[in-house]
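> Based on what follows, work out the 3D shape:
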Amino acid sequence: MTAARRVLWTYLLTGIAVFTLMMLLGIAMRAEQARWVAFGPQIFYAMLTLHGAGMITSVALCGMGGLWYLMRQEGELSAGAALVAYALVVLGVVAVLLSVFPGGFAAGWTFLYPLPFVGATWPSWATGTFLIGIMLVSLGWTAWCFQMLAFTLTRYGGWAGASGWNLVFKRDAEPHEAPPPQSIAAFVVAVDGVLTGMAGMTIGVALIAHWLSPSVLVDPLWAKNVTFFFGHAFANLTIYMALGWVYVGMARYTGREYHTTKILAIAWWATLVFVAIAYFHHLYMDFVQYRPLQYVGEIASYLSAIPATAVSVWGSMLLVYRSRMRWTLGSIFLFTGLVGWVVGGIGALLDASIPLNFDLHNTLWVPAHFHTYLLGGVFLFALGLIYMQLEERSGRCSPPLLRWIIGLTTFGGMTVFLLGFYVAGANGVPRRYAIEPSPGPLTASWATVGALLLLLGLIVVLIEAIRLARLPAQDPA
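Numbers count the residues shown, from 1 in each chain. Here you go, the predicted model:
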């Protein structure tokens, strides 16, 4: 196995392993909300904290490994630097895990100041360990983004080349090589990623200073803005990393080229801006927030759906149209991930509308939409990348009957699971509650059934992946 493939599989398998653990925690929490089991509030909120932080980090690891591997196909990248970034993120994950179990830290993955320090039922060391873990994840993420940024700038002749500016405006007499779509995605993710990573380390340093010396005070509104700038953008960038795989994978399965156009480049420029400023929609209810920023948040939230989302999804549809698409598990996961991304995005847009936000934002509608685009989007993209690698290596694909079994269990279970969130949120069931009012227990019951069906399907997915991995590699010629 080459160094590049070792990096790819190290990131991917670690991300999938962490995701699986977090999924088991999620099923356990839904079972408690359904009143099938009873862990007690302390354990529930500790699990909720770990689940939120771990889920986002797990899909980020998948995205980082996959996009790094695609860039490695474009030129030379240091595998050592990628593994250093990986080690920092994993150390952060371990620290967060220790802070929750056995530490009992349960302030939520957003760790909003001053909540971790007020009325804590866990020891002080758990708070510090959690904050250090978040900083390590931010540091590893920032290191990875700097590597991506340096590569794209060097490979494509600076900012004008890497961003597609030369392609759009043709500034030079001699034509420049336009970066492929996945490279433009890597450039935008790296730029926004550096900003968000630095924000994560900034709030981390501030809160650690307060933890070490309570006399060091932090402005709560500033802390909330920085925290959500980091958290919201980090979660969204996991989707945009995965789009790199979609560009490559859909082209391979359809036999058509997904080439860079002026419209695609401009769409990614807009995404670079909107990802950074859309987080304001999380602060609508903060009455002391500077009011114009609330309008910026709503406008940016809506506009963010147009550029990369519409262009990428529409472009993928055009690739599939009359293309003799090869429907294997790899292509099915990639295609269905696009559907999950769109559905989750629509749910997010509804919540970002100020009149609806007052009714939806503190309900289960919010975990409904981000579970949709993380579980039904990024996670399916990750499975698509894994199966694309396995299918190309072995020259084989899964039989049709198995594809139907996986489709019915995986996508059927996922749909039932997600509907439990949406219906509860539309009925005003609050989020982050261990014990929910009616109809919370009912919707949690069918969501748990859907999650168990999904888990069954994923077990079949794992068995089939192992079977493909054990097949002899086909002749590269």
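> remind me, longest helix of this protein?
When the chain is scanned for its longest helix (criterion: DSSP state H), the result is helix 220-254.
> Run through the neighbouring helices and strands of that one.
Using 3 or more Cβ pairs under 8 Å, 6 or more residues apart in numbering; DSSP states H and E, the elements in contact with helix 220-254 are helix 41-72, helix 181-212, helix 262-277, helix 311-320, helix 329-352, helix 379-394. Where you see a C-beta, it was placed from the backbone N, CA and C, and this is true even at glycine.
> Not counting its own residues, what contacts the third one?
To tie it back to what came earlier, the one meant is helix 262-277. Contacts to helix 262-277, defined as Cβ atoms under 8 Å, 6 or more residues apart in numbering, come from residues 163-165, 167-168, 181, 184-185, 187-188, 191-192, 195-196, 229, 233, 236-237, 240, 296-297, 300-301, 303-304, 306-308, 310-312, 315.
> please redo it, this time with the cut-off set to 7 Å
When contacts are taken as Cβ atoms under 7 Å, 6 or more residues apart in numbering, the neighbours of helix 262-277 outside the stretch itself are 163-164, 167-168, 181, 184-185, 188, 191-192, 195, 233, 236-237, 240, 296, 300, 303-304, 307-308, 311.
> Show me which of those are buried.
163-164, 167-168, 181, 184-185, 188, 191-192, 195, 233, 236-237, 240, 300, 304, 307-308, 311 (16 or more other Cβ atoms under 10 Å).
> which residues sit against stretch 332-342?
Residues lying outside stretch 332-342 but in contact with it, judged by Cβ under 7 Å, 6+ apart, are 239, 246, 249-250, 313, 316, 372-373, 376-377, 380-381, 383-384, 387, 403, 407, 411.
> Centre of the chain to stretch 11-19, how far?
Centroid displacement of stretch 11-19 relative to its chain, using Cα atoms, centre = their mean, to the nearest Å, is 13 Å.
> One more: stretch 348-358?
The offset between the C-alpha centroid of stretch 348-358 and the centroid of the whole chain comes to 21 Å, using Cα atoms, centre = their mean.
> can you list contacts of stretch 407-417?
By Cβ under 7 Å, 6+ apart, stretch 407-417 touches 332, 336, 375-376, 446-447, 449-451, 453-454, 456-458, 460-461.
> biggest separation within the residues you listed, which pair?
I332 and W446 (24.9 Å; Cβ to Cβ).
> More neighbours: these two, which one.
Each of I332 and W446 has its neighbours counted (other Cβ atoms under 10 Å); I332 has more, 22 against 16.
> one step back: of the contacts of stretch 407-417, which is the most crowded?
The most crowded member of these, judged by other Cβ under 10 Å, is A447 (28 neighbours).
> Now do the helix or strand that that residue is a member of and helix 379-394, the angle between them.
Taking DSSP states H and E as the criterion, the element that holds A447 is helix 440-470. Between the direction of helix 440-470 and that of helix 379-394, the angle (axes from the mean of the first three to the mean of the last three Cα atoms, to 10 degrees) works out to 10 degrees.
> Mind checking the pLDDT average for helix 440-470?
For helix 440-470, mean pLDDT is 95.
> same question, stretch 214-232
Rounded mean pLDDT across stretch 214-232 is 94.
> Quick one: distance of that stretch to the chain centre.
The chain centre lies 22 Å from the centre of stretch 214-232; the measure is Cα atoms, centre = their mean.
> now swap in stretch 416-426 and tell me
Distance of stretch 416-426 from its chain centroid, counting by Cα atoms, centre = their mean, is 20 Å.
> next one: stretch 335-355
Centroid displacement of stretch 335-355 relative to its chain, using Cα atoms, centre = their mean, is 14 Å.
> Please spell out which residues along it are buried.
Of the residues in stretch 335-355, those buried under the neighbour-count criterion (16+ other Cβ under 10 Å) are 335-338, 340-345, 347-349, 351-352.
> same thing with stretch 19-39?
Buried residues in stretch 19-39, defined by neighbour count with 16+ other Cβ under 10 Å: 19, 21-23, 25-34.
> Please apply the same query to stretch 207-214.
Residues of stretch 207-214 classed as buried: L207, I208, H210, W211 (neighbour count, 16+ other Cβ under 10 Å).
> Could you measure from the last one over to L454?
Relative to L454, W211 is positioned 38 Å away (criterion: Cβ to Cβ, to the nearest Å).
> The second one now?
Distance, I208 to L454, using Cβ to Cβ: 38 Å.
> How many residues are close by the closest residue to V90 other than its chain neighbours?
Using Cβ to Cβ, 6 or more residues apart in numbering and skipping residues adjacent in sequence, the residue nearest V90 is T14, 6.6 Å away. Burial measure for T14: 19 neighbouring residues, criterion other Cβ under 10 Å.
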